[in-house]
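*Asks:* this one's sequence-less:
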């Protein structure tokens, strides 16, 4: 079996480059888009992103794309969606196979089929998502489900990577399926440690973000978990920031060597996308990437979800607190902590003693003296 | 005997991991209370194979694969108090017994390879911990690399051992004394651990090793040993006594795979047994941001001109690398990503449960990746497929007990081993609202 796979794999490597999978996480937080209404309405942004997707699909016939919406109260797939129009029964995992057969507008018959499929599904699913958002969902909820969207995106990337490796055999199949099969207890590092060879599916994640940072502080741990997963799998996270500024996204780009761009002019979204975010990992090795040099490394505290730059850390569990927790008991692990020298005022003690002496000498009852005479 | 059994293992483990027929070390086998199990001794792997309806064993093999994947997931998810700031000394046996070829290519080369993997994985899991490496050769303990938090130092030091040959006899006592010396000055809020890879069956010591053991206990040093040959009484005693009576700290490797597992187990931060054992303290730390200036300026730590650097979040002095202590105000400066790496130990993802056919009809595809599940068969066939293979879900669905979504085995593995997030739980607003209406929101997610 190995010889057969190896030869097949060799031929593929010689003739063809591995395709890349682009996962776009679209932040659809209605509050933030409403604030952007003047410069870049959501409809226009989606149109720009669709053009960008088409450009990506056109780069290589085997390129794949996935779109996740990070909405204010949930994260949902926009494309591909398994339960799309109830056709999931005979879906075989191939993204271009779950297309609607009828109902294509006559004007679009000449469109390249993959373009049309993506466009239709994204538009329809986005509309469904926005329609299903009630006003109660929006009230007082300005956050976005970034952690969920990242986790969904990573699950899909994992699925596609396994599927692609199985289809094409070769070294990666041995790593993923074979290693999993022998069931070694602590193989994860081996199993998921991605070699950056060209023969595996190249995945990357692009986050089109509009929400500010304060909103996502409560998702600090899951977001960081996703970032470390990306780092381990060598998946770069690119961030295209239309408004606001997110602390954790800067860390995400820095940790995964992705591109971080805060757009000064949101109207030029398409141009930014095409110029900065289109090259895949293989091309990026030869390019000077536009990215940030100064990175915000602040963390969120566990007690109030504030973003802090100086914090108190429990030495047992490394939980971060913005102030010493009540009673000096760690809120996460329950250890009673020694606060150390923090908050101790060294000047107080000798002065108190001095006062005490005088009070003892003057009046034992401790009545307040109106005008204390200065001491000798 | 050892050799013939080895090959047999190699053949069998292609398909099944948990059914191994090897018994290299008789002593180890008989007394195996520690990791590894007696159930391995007599298991007839061929009897579990059942032909499927089409006359092949594909379905059984697939089931076994899935059960194998699943088995290593079912770990304890109790959030134990763990010592995350660790100080560990890795002691490698470099004596002549390491040139044996029972582990391929040789015990020596394999140990060096796994030691390098161990260093990488250790710093992956314990980013703010310290590690040092020692060797036992010619009756002496030699220093391979000093205590430090930089993995590349250790990796190059271990790599440099490769061309050398193992020789002489090992002295466990010398190694332990040197490790104790290296751990002596470590702060009390961290753990003190020693991991010994011991390939010999003897230790030629200059003095009484029992005295060394009692000083190790009083210094709160925990020793774990991975034996490569057979169980040795003194190792067993050493591990049991320094770990508070816990016998699992000593393991003897059965084969290459088992050796690796035993070593990699140590990378998980150890549970603290009592709260009094370590003096815990609240540390004030700064999380500085990186800046790049247009003109170079001197850094406060080395007085070297540089453009990039990190500004102390309390006093604003510039340091060139992290983690560091601010030279002017003494604040500990650290990257928050270093801390965040270990958070999945604090908040482990709970194990997902298997879904019987009875509840399988509520989902048709994996929530996370969209892989279609096998269709629910008619009710009369449920019993047939049930209990076909243990350890796997009959319906190939695994359910998160919090968000009630169904996932496939690959997403189960991926979520628990890599992401440490549940895709279902993270995809919805907050748990308080969800608990009120779990069924409703499930339907919504699928429809949207």
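*Replies:* It's in. Every value quoted in this text rests on a predicted model; they were computed, and no experiment measured them. Residues are numbered from 1 along each chain as shown, chains lettered A, B, ... in the order given.
*Asks:* pLDDT score for the closest residue to residue B:408 other than its chain neighbours?
*Replies:* Excluding the flanking residues, the one nearest residue B:408 by C-beta to C-beta, 6 or more residues apart in numbering or on different chains is residue B:366, at 4.0 Å. (C-beta placed from N, C-alpha, C; glycine too.) With respect to pLDDT, residue B:366 has a value of 87.
*Asks:* For the helix or strand harbouring residue A:31, buried residues please.
*Replies:* Using DSSP states H and E, residue A:31 sits within helix A:30-35. Neighbour-count burial for helix A:30-35 flags A:30, A:31, A:32, A:33 (criterion: 16 or more other C-beta atoms under 10 Å in any protein chain shown).
*Asks:* Then stretch B:180-198?
*Replies:* Here stretch B:180-198 shows B:180, B:182-183, B:186, B:189-198 as buried, counting by 16+ other C-beta under 10 Å.
*Asks:* same thing with stretch B:205-220?
*Replies:* Within stretch B:205-220, the residues that qualify as buried are B:205, B:209, B:212, B:213, B:216, B:217, counting by 16+ other C-beta under 10 Å.
*Asks:* can you tell me the average pLDDT over that stretch?
*Replies:* The average of the pLDDT scores along stretch B:205-220 is 92.
*Asks:* Ok, stretch B:343-358 next?
*Replies:* Here the average pLDDT along stretch B:343-358 is 82.
*Asks:* Say whether chain A is contacted by that stretch.
*Replies:* Yes: contact of stretch B:343-358 with chain A (C-beta under 8 Å from any C-beta of the partner chain) involves B:343, B:344, B:346, B:347.
*Asks:* can the helix holding residue A:31 be found next to chain B?
*Replies:* No: Helix A:30-35 lies apart from chain B when judged by C-beta under 8 Å from any C-beta; the minimum separation is 14.0 Å.
*Asks:* pLDDT at residue 234, what is it?
*Replies:* In the absence of a named chain, chain A is used. Here the pLDDT value assigned to residue A:234 is 83.
*Asks:* Not quite, go with chain B.
*Replies:* pLDDT recorded at residue B:234 is 92.
*Asks:* you'd agree it is in a strand?
*Replies:* No: Residue B:234: not assigned to a strand; according to DSSP: H, G, I helix; E, B strand; the rest coil it is helix.
*Asks:* Can you give me the neighbour number for it?
*Replies:* Residues lying near residue B:234 (other C-beta atoms under 10 Å in any protein chain shown) number 17.
*Asks:* what separates it from chain A, distance-wise?
*Replies:* 27 Å (C-beta to the nearest C-beta, to the nearest Å).
*Asks:* and that residue, what is it in contact with?
*Replies:* Counting by C-beta atoms under 8 Å, 6 or more residues apart in numbering or on different chains, residue B:234 touches B:172, B:203, B:209.
*Asks:* how much space between the first one and chain A?
*Replies:* Meaning residue B:172. Distance of residue B:172 to chain A, given as C-beta to the nearest C-beta: 26 Å.
*Asks:* Regarding the nearest residue to that residue once chain neighbours are set aside, what is its secondary structure?
*Replies:* Among residues not flanking residue B:172 along the chain, residue B:203 sits closest, at 3.8 Å (C-beta to C-beta, 6+ apart). Recorded secondary structure, residue B:203: coil (three-state DSSP).
*Asks:* Can you give me the distance of residue B:203 to residue B:97?
*Replies:* Separation of residue B:203 from residue B:97 (C-beta to C-beta, to the nearest Å): 11 Å.
*Asks:* Which residues are in contact with each of these two?
*Replies:* Common contacts of residue B:203 and residue B:97 (C-beta under 8 Å, 6+ apart): residue B:170.
*Asks:* between these two, who's got more neighbours?
*Replies:* Neighbour tally, residue B:203 and residue B:97, criterion other C-beta under 10 Å: the higher count belongs to residue B:203, 23 against 20.
*Asks:* The more buried one reaches residue B:171, doesn't it?
*Replies:* Yes: taking contacts as C-beta atoms under 8 Å, residue B:203 lies within contact range of residue B:171: 6.0 Å.
*Asks:* re earlier: take the contacts of residue B:234 and write them to TSV, including distance to residue B:165.
*Replies:* Output for the contacts of residue B:234, formatted as TSV (distance: C-beta to C-beta, whole Å):
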residue	distance to residue B:165
B:172	21
B:203	20
B:209	26
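*Asks:* Go through these and name the one nearest residue B:334.
*Replies:* Taking C-beta to C-beta as the measure, residue B:334 sits nearest to residue B:172 out of the contacts of residue B:234, at 36.1 Å.
*Asks:* give the contact list for residue A:252.
*Replies:* Residue A:252 neighbours (C-beta under 8 Å, 6+ apart): A:207, A:223, A:227, A:230, A:237, A:239, A:258.
*Asks:* Quick one: mean pLDDT over the longest helix that chain B contains.
*Replies:* Longest helix in chain B by number of residues (criterion: DSSP state H): helix B:107-125. Averaging pLDDT along helix B:107-125 gives 89.
*Asks:* Show me what that helix is packed against.
*Replies:* helix A:188-192, strand B:86-93, strand B:130-137, helix B:151-159, helix B:256-265 (3 or more C-beta pairs under 8 Å, 6 or more residues apart in numbering or on different chains; DSSP states H and E).
*Asks:* Adding distance to residue A:322, write those out as TSV.
*Replies:* Output for these, formatted as TSV (distance: least, C-beta to C-beta, whole Å):
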stretch	distance to residue A:322
helix A:188-192	34
strand B:86-93	26
strand B:130-137	28
helix B:151-159	31
helix B:256-265	36
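*Asks:* Figure out which of the ones you listed is closest to residue B:115.
*Replies:* Nearest to residue B:115, of all the helices and strands packed on helix B:107-125, is helix B:151-159, at 5.2 Å by C-beta to C-beta.
*Asks:* what about the next helix or strand after the closest one, distance to the chain center?
*Replies:* Toward the C-terminal end, the helix or strand that comes next after helix B:151-159 (DSSP H and E) is helix B:172-183. Relative to its parent chain, helix B:172-183 has a centroid offset of 24 Å by C-alpha atoms, centre = their mean, to the nearest Å.
*Asks:* Can you get me a residue count around residue 282?
*Replies:* No chain in the question, so chain A it is. Per other C-beta under 10 Å, the neighbour tally for residue A:282 reads 13.
*Asks:* hm, I was asking about chain B
*Replies:* Counted with other C-beta under 10 Å, the neighbours of residue B:282 add up to 22.
*Asks:* That one is in what secondary structure piece?
*Replies:* Applying DSSP H and E, one finds residue B:282 within strand B:282-286.
*Asks:* chain center to that strand: distance?
*Replies:* For strand B:282-286 - counting by C-alpha atoms, centre = their mean - the centre lies 27 Å from the chain centre.
*Asks:* Which positions within the next helix-or-strand element following that strand qualify as buried?
*Replies:* Downstream of strand B:282-286, the next assigned helix or strand under DSSP H and E is strand B:290-298. Neighbour-count burial for strand B:290-298 flags residue B:290 (criterion: 16+ other C-beta under 10 Å).
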